[in-house]
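Visitor: Let me see the structure of the following:
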Amino acid sequence: MRRREFLSLIGGVAVAPVIARAQQTSVPIVGLLGATTAQGYAQQLAAFRQGLSEVGLVEGRDAVIEYRWANDHFDRLPGLAADLVNRHVAVIATIGGSAASAAAKAATTTIPVVFHGSLDPVKAGFVASLSRPGGNLTGVVTLNEEIGRKRLELIHEAVPAATTLGLLLNPTNKVVAEPLYNDVQAGARELGLQLRVLNASTESDFERVFASLKQMQLGALVIISDPFFISKSEQLAALTIRYAVPAIFPYRTFTDAGGLMSYGGSYTDSYRLSGVYTGRILKGEKPANLPVQQATKVELVINQKTAKALGISVPQALISRADEVIE
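Guide: Sure, this is the predicted structure:
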């Protein structure tokens, strides 16, 4: 099998000849556990491989990556994690949020796990502390939990007339949905805003949700950081344009595709850090001794072209704070 064919696999099925060859030559196997799909996380995967290369490891030469994708069915994650454990992989790296990380943690206490997620890993029980993880897990956390309410503040500043806003959640991903809902709801109370929860866990839910926005008289929409939504960011942006709803999203793929605003960390940078840690563990370092890294870089991107199409005059004070304005 050619290497590009191996990399295109999205179903998470083991490739026996490749694995056998890796075992014969003592090339370590990395188990990559993903909550969503390879297509939806192509940029993150590229960043992860870049991180591996920064510590001198090339996929296919120095390590084989065996993929397991849940394809947005989070209930499959425990079984996929158990399968990677049974494969005796050298390390498990998670992609697509804290649900995958929780499944990996539950599956093994011995195989190193490099997690990636938006939740506080100490509160989630992944590590004893950020500086001294102490077990078989370490990884990278973004700031999405801490800045959830900040997104609400920003969209309210952009559309101050909107007093009732929607919050788009994925109810099947409770490990992420519940803390982020609590955070945004607290922010809504502080601002005197009404928050209405909208649920979507499949693509077929999107049309129903967006069609209900006018009926519910929602003036704007906050979309939380969820791996399913991240993998569908361009589709969600297109829907906000079609239904003329001002919305804010965690990542700039949304604004690049026509969404109004995005505010959050750089997922390419954070997944690069995950790749670096995976490579360092393959070279012999222990996860217990690798402090959890926090991706602290955040960026505000505003699509001014979309604002004009929606008839929104974004305050100059907000424009001046943006890291980038798309004209």
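
Visitor: How many neighbouring residues does residue 256 have?
Guide: Per other C-beta atoms under 10 Å, the neighbour tally for residue 256 reads 16. Backbone N, C-alpha and C define where each C-beta goes, glycine included.

Visitor: do residue 88 as well
Guide: Look at residue 88: counted by other C-beta under 10 Å, it has 10 neighbours.

Visitor: Look up the closest residue to it, ignoring the ones flanking it.
Guide: Nearest non-adjacent residue to residue 88, counting by C-beta to C-beta, 6 or more residues apart in numbering: residue 29, 7.7 Å away.

Visitor: hang on, isn't the one you found packed against residue 87?
Guide: Yes: with contacts counted by C-beta atoms under 8 Å, residue 29 reaches residue 87, the gap being 6.8 Å.

Visitor: Mind checking which of those two has more residues around it?
Guide: residue 29 (20 against 15).

Visitor: can you give me how far the longest helix anywhere in the chain is from the chain middle?
Guide: The residue-count maximum for a helix in the chain (DSSP state H) belongs to helix 174-191. For helix 174-191, the distance from its own C-alpha centre to the chain's C-alpha centre is 17 Å (C-alpha atoms, centre = their mean, to the nearest Å).

Visitor: Confirm residue 81 sits in a strand?
Guide: No: assigned with DSSP: H, G, I helix; E, B strand; the rest coil, residue 81 falls outside any strand and is helix.

Visitor: My guess is it contacts residue 87. True?
Guide: No: counting by C-beta under 8 Å, residue 81 sits too far from residue 87 to count as a contact (10.7 Å).

Visitor: Now list whatever residues contact both of these two.
Guide: Counting by C-beta atoms under 8 Å, 6 or more residues apart in numbering, residue 81 and residue 87 have no shared contacts at all.

Visitor: Please, where are all the strands along this protein?
Guide: Secondary structure of the chain by DSSP state E: the strands cover 29-34, 64-69, 91-95, 113-117, 137-141, 164-169, 194-199, 220-223, 247-249, 261-265, 293-294, 298-303, 324-326.

Visitor: now those as JSON lines including mean pLDDT and distance to residue 240?
Guide: Converted to JSON lines, these look like this (pLDDT from 0 to 100; distance: least, C-beta to C-beta, whole Å):
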{"stretch": "strand 29-34", "mean pLDDT": "97", "distance to residue 240": "26"}
{"stretch": "strand 64-69", "mean pLDDT": "96", "distance to residue 240": "27"}
{"stretch": "strand 91-95", "mean pLDDT": "97", "distance to residue 240": "26"}
{"stretch": "strand 113-117", "mean pLDDT": "94", "distance to residue 240": "25"}
{"stretch": "strand 137-141", "mean pLDDT": "95", "distance to residue 240": "28"}
{"stretch": "strand 164-169", "mean pLDDT": "97", "distance to residue 240": "10"}
{"stretch": "strand 194-199", "mean pLDDT": "96", "distance to residue 240": "13"}
{"stretch": "strand 220-223", "mean pLDDT": "97", "distance to residue 240": "7"}
{"stretch": "strand 247-249", "mean pLDDT": "97", "distance to residue 240": "5"}
{"stretch": "strand 261-265", "mean pLDDT": "91", "distance to residue 240": "10"}
{"stretch": "strand 293-294", "mean pLDDT": "89", "distance to residue 240": "30"}
{"stretch": "strand 298-303", "mean pLDDT": "94", "distance to residue 240": "10"}
{"stretch": "strand 324-326", "mean pLDDT": "96", "distance to residue 240": "14"}
